[in-house]
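Asks: got a predicted structure plus its sequence, pasted below:
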There are 6 protein chains.
Amino acid sequence: MVDVSEKEDSDRTAIAEAIVRMQAHTREQIEQQAMKKGDVLAVSELAGIMAAKKTSDLIPLCHQLPLTKVSVDCDWTPSDTLEDGASNTACLRIRSTVKTTYRTGVEMEALTACSVAALTVYDMCKAIDKAMTIESIRLVFKSGGKSGTFGSLD
Amino acid sequence: MVDVSEKEDSDRTAIAEAIVRMQAHTREQIEQQAMKKGDVLAVSELAGIMAAKKTSDLIPLCHQLPLTKVSVDCDWTPSDTLEDGASNTACLRIRSTVKTTYRTGVEMEALTACSVAALTVYDMCKAIDKAMTIESIRLVFKSGGKSGTFGSLD
Amino acid sequence: MVDVSEKEDSDRTAIAEAIVRMQAHTREQIEQQAMKKGDVLAVSELAGIMAAKKTSDLIPLCHQLPLTKVSVDCDWTPSDTLEDGASNTACLRIRSTVKTTYRTGVEMEALTACSVAALTVYDMCKAIDKAMTIESIRLVFKSGGKSGTFGSLD
Amino acid sequence: MVDVSEKEDSDRTAIAEAIVRMQAHTREQIEQQAMKKGDVLAVSELAGIMAAKKTSDLIPLCHQLPLTKVSVDCDWTPSDTLEDGASNTACLRIRSTVKTTYRTGVEMEALTACSVAALTVYDMCKAIDKAMTIESIRLVFKSGGKSGTFGSLD
Amino acid sequence: MVDVSEKEDSDRTAIAEAIVRMQAHTREQIEQQAMKKGDVLAVSELAGIMAAKKTSDLIPLCHQLPLTKVSVDCDWTPSDTLEDGASNTACLRIRSTVKTTYRTGVEMEALTACSVAALTVYDMCKAIDKAMTIESIRLVFKSGGKSGTFGSLD
Amino acid sequence: MVDVSEKEDSDRTAIAEAIVRMQAHTREQIEQQAMKKGDVLAVSELAGIMAAKKTSDLIPLCHQLPLTKVSVDCDWTPSDTLEDGASNTACLRIRSTVKTTYRTGVEMEALTACSVAALTVYDMCKAIDKAMTIESIRLVFKSGGKSGTFGSLD
């Protein structure tokens, strides 16, 4: 684990995003709260928040750090933003924001939150849609630390 | 957590896959073992195996189950399989295989193994390539249980 | 940890209950989904389910065992069942049901689920009601195993 | 998880209490170290301390924080303090004290320590007394932070 | 993680042992219950039991398995068994016994229990004796499984 | 858990060491990467690093603290440093270095890292050498804190 003992504390934010593509019918079932396992988006957001706190336990070389904020939010991407013109599919966008004041950044915490939220969506819907795909887990924005800002907030 | 007390044990296998897209230069650094944090593929494969064992701790409604096999393997996807003709990018394919003999399946364990292995790749390379994207985490194959076989082994 | 290697597997169920007493105003805020931290009952039920899976990690001499069902449900106790005639207080009843087929029982898993669900209610409401009290965490029912049935299902 | 990035560190203390009511005979067995599973009070106090460190893993929206002190102590409540005149029962009082210097308080850590210590008492005695009840888990005192002091130290 | 899906369940036992060498004065303090952190042997035995349950979380390629028994016991080795004639040192022997009925053995669980118990002894005494050494963690006995019996029970 | 709320932060380092003695043939298999479970030294070093982060979860009275560096390195001890003239055995030396800036030291983290790395070596080689012994887990050096420096860096 990289030596950060000489680094200074700095305010840090990271935002990450995951997209889960599913059948249009699966989206309907989620929106109608009809999935047998419960409220898919609420459970997935909570799973993402809890996972952020376990990042250093999952990613071998991540430092443990005190998170001052974790949020995970889901919304539906309008169909017309899909590049491939696929019909009959819906895309759920999961966005996490994580903050700390510490010597290292929180990119991995934001990415882990998104990933586990997306996996939870899969788990809760897989009885009706095993072909769901998690697409495009990526870092959207980070600020703070010596390497400065990456990406943008929009 | 769904009641599986009436279900029978059955031999179950699941295979999942994740793709990590990165700059061609990042791939070179990985292959030359030049990343400062260590051997990227070896550490990521191990992180994926360990994560499979934590699935029920991460995914709220997953049952705990005794895994009889977990493997995670990485290889490089030939560039010509990319749909969008992007040059200067390389794709790492991470594939996990998980087995159990139990009342519920191991799809989530296989997907979690892939996801955490992919996140670990990101963590170990992010110093030089923050724009890496995890693409297409998906279930490739499952067998066993009442819902039978999904996907194919090829 | 007691030696259970000679015990036989048996179908086992345990039901436990916790009561959280709070101000009537706090109940109103929960029911109106007005608590800043989110949906109190939904988050608490999920926290209880997840905690059941960690019982053997929390209770030093508990065996690890594969749970086949965990459910946690909240409802409001009618005021007139309170013995002490207290007005202005409301009581939330949290009830968990846990099942396994194993050599030891799941009483501790059911009690842990209730306890952590109750603690989560406290956490989510403490900003407005620090005097909430968790009352009467107790085993309501168990069946299976050599010691047989305890309590009743009503 | 609530954003505490703008909050200041402050010295914080929380004290919580749980009462476990049991048969008088069960108390005798505990005091005579006759329980088959071992020294009930010593194991329960230790379980409570260890649980305090897991609070953020159990309570979904709790921040991780560095505890500077955790203690858990058990004593027997004199029978004459019981309101309901019950005879043949004994009450064990479990009291935890937790400290930190951080942006958020340690109420949940103190309550979790008490709760898990009480559950451990139940686990170690349930072979002879399944009707034990955990009564009255509550916050006794807290100091520090913007909301100031709650309760009293006596 | 090695594929054990074709292996049969078998009754398995493993016994491991650790020796902690310390100053004779440290032994006296332990025996007189004078260590500030508490009852060294009781806490260490409990820590060992709890650690056995975390083996698959600590050792990357260990399978998760349901332990049917874990015990950890400490005793003092008579001085005359020391080979090097050292005076003024005392040796604590920690012995763990672990059982399961499963497809793989419990050697690692027994060794982990001993190791963590020994580390806990160190932690509780280090204020007065930083030069304590854990010597000779080793497997004493195992039975069950295809590879059969190793070592002896005496 | 000892009250450290009045202690000051200080830069702290601890170095610990474990020795694993094995058959000369086992060393050869490790060096030739011939062990069926994979690259023994790489996996063990990683397991040690990850274990350091779990120290407060394993050792009951250890404080949680933010580690700023953890490294684990293996090398082979030249045979002629063995005191007992044993032939046909080889000794692997595992050395861990841990740093923090906090109120308490990191001796236990360094010792835990070494111990778990050594256990992992055992796990990965036990198929061919069950008689391997972990010898001499000890603190080599510590600095920082009120008790000052112990041992030396050479």
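Replies: Everything's here; your move.
Asks: residue numbers of chain A in contact with chain D?
Replies: By CB under 8 Å from any CB of the partner chain, the residues of chain A that approach chain D are A:11, A:46, A:49-50, A:53-54, A:66-71, A:99-101. Where you see a C-beta, it was placed from the backbone N, CA and C, and this is true even at glycine.
Asks: rerun that using 7 Å as the cut-off
Replies: Within chain A, the positions near chain D by CB under 7 Å from any CB of the partner chain are A:Asp11, A:Leu46, A:Ile49, A:Met50, A:Lys53, A:Pro66, A:Leu67, A:Thr68, A:Lys69, A:Val70, A:Lys99, A:Thr101.
Asks: ignoring the adjacent residues along the chain, who's closest to A:Lys130?
Replies: In this structure, A:Lys130 finds its nearest non-sequential neighbour in B:Phe150, 5.0 Å apart by CB to CB, 6 or more residues apart in numbering or on different chains.
Asks: partners of that neighbour in the sheet?
Replies: Note on B:Phe150: beta-bridge partners by DSSP bridges are B:Lys142.
Asks: so it sits right up against A:Ala131, yeah?
Replies: No - using CB atoms under 7 Å, B:Phe150 is not in contact with A:Ala131; the gap is 8.2 Å.
Asks: which residue is nearest the middle of chain A?
Replies: Residue closest to the mean C-alpha point of chain A, counted by CA atoms, centre = their mean, is A:Cys114 at 1.3 Å.
Asks: ok, the helix or strand hosting A:Ala14 near chain B or not?
Replies: In this assignment (DSSP states H and E), A:Ala14 forms part of strand A:10-23. No - residues of strand A:10-23 are not located near chain B by CB under 7 Å from any CB, the shortest gap being 8.2 Å.
Asks: the next helix or strand along the chain from that strand - contacts with which helices or strands?
Replies: Heading C-terminal from strand A:10-23, the first helix or strand you meet, by DSSP H and E, is helix A:24-31. Judged by 3 or more CB pairs under 7 Å, 6 or more residues apart in numbering or on different chains; DSSP states H and E, helix A:24-31 is in contact with strand A:89-102.
Asks: and the following helix or strand past the strand it packs on with strand B:10-23, angle?
Replies: Remark: after strand A:89-102, the chain's next helix or strand is helix A:107-125, criterion DSSP H and E. Helix A:107-125 runs at 140 degrees relative to strand B:10-23, counting by axes from the mean of the first three to the mean of the last three CA atoms, to 10 degrees.
Asks: what packs against helix A:107-125?
Replies: strand A:10-23, helix A:40-52, helix A:55-58, strand A:67-77, strand A:89-102, strand A:133-143, helix B:107-125.
Asks: where in chain A is the helix or strand with the lowest mean pLDDT?
Replies: strand A:150-151 (a mean of 93; mean pLDDT, DSSP states H and E).
Asks: distance between that one and the chain's centre?
Replies: Distance of strand A:150-151 from the chain centroid (CA atoms, centre = their mean, to the nearest Å) equals 16 Å.
Asks: who's in contact with that strand?
Replies: Residues external to strand A:150-151 that are found in contact with it (CB atoms under 7 Å, 6 or more residues apart in numbering or on different chains): A:Leu139, A:Val140, A:Phe141, A:Lys142, B:Lys130.
Asks: switch the cut-off to 8 Å
Replies: A:Ile15, A:Leu139, A:Val140, A:Phe141, A:Lys142, A:Ser143, B:Lys130 (CB atoms under 8 Å, 6 or more residues apart in numbering or on different chains).
Asks: among those residues, which ones are buried?
Replies: Buried members of the contacts of strand A:150-151, scored by 16 or more other CB atoms under 10 Å in any protein chain shown, are A:Ile15, A:Leu139, A:Val140, A:Phe141, A:Lys142, A:Ser143, B:Lys130.
Asks: was I right about the last one contacting A:Leu139?
Replies: Yes - proximity of B:Lys130 to A:Leu139 meets the contact threshold set by CB atoms under 8 Å, at 5.8 Å.
Asks: quick one: common contacting residues for the two?
Replies: In contact with both B:Lys130 and A:Leu139: A:Glu107, A:Phe150, A:Gly151, using CB under 8 Å, 6+ apart.
Asks: any stretches of chain A with poor pLDDT?
Replies: Where chain A drops to pLDDT under 70, the residues are A:79-87, A:154.
Asks: what about A:Asp3, how many neighbours?
Replies: 12 (other CB atoms under 10 Å in any protein chain shown).
Asks: could you pull up the contacting residues of it?
Replies: F:Thr68, F:Lys69, F:Ser71, F:Lys99.
Asks: which one of those sits closest to chain D?
Replies: Of all the contacts of A:Asp3, chain D sits closest to F:Thr68, with 13.6 Å by CB to the nearest CB.
Asks: for the closest one, which non-adjacent residue is closest in space?
Replies: Nearest to F:Thr68 is A:Ser5, by CB to CB, 6+ apart, at 3.9 Å.
Asks: is it true that the one you found lies in a helix?
Replies: No - A:Ser5 is assigned coil when assessed by DSSP: H, G, I helix; E, B strand; the rest coil, not a helix.
Asks: pull the contacting residues for it.
Replies: For A:Ser5, the contacting residues are F:Asp11, F:Thr68, F:Lys69, F:Lys99, F:Thr100, F:Thr101, by CB under 8 Å, 6+ apart.
Asks: tell me which parts of chain A are close to chain F?
Replies: Within reach of chain F by CB under 8 Å from any CB, chain A has these residues: A:1-5, A:7, A:56-57, A:60-61, A:63-66, A:102-103.
Asks: follow-up on the earlier one: most neighbours per residue, which of the helices and strands packed on helix A:107-125?
Replies: When those are scored by mean count of other CB atoms under 10 Å in any protein chain shown, the highest mean neighbour count falls to helix B:107-125 (a mean of 29).
Asks: how far off helix B:40-52 does that helix point, in degrees?
Replies: Going by the same axes, to 10 degrees, helix B:107-125 makes 140 degrees with helix B:40-52.
Asks: starting at the chain centroid, how far to helix B:107-125?
Replies: On CA atoms, centre = their mean, the centre of helix B:107-125 falls 5 Å from the chain's centre.
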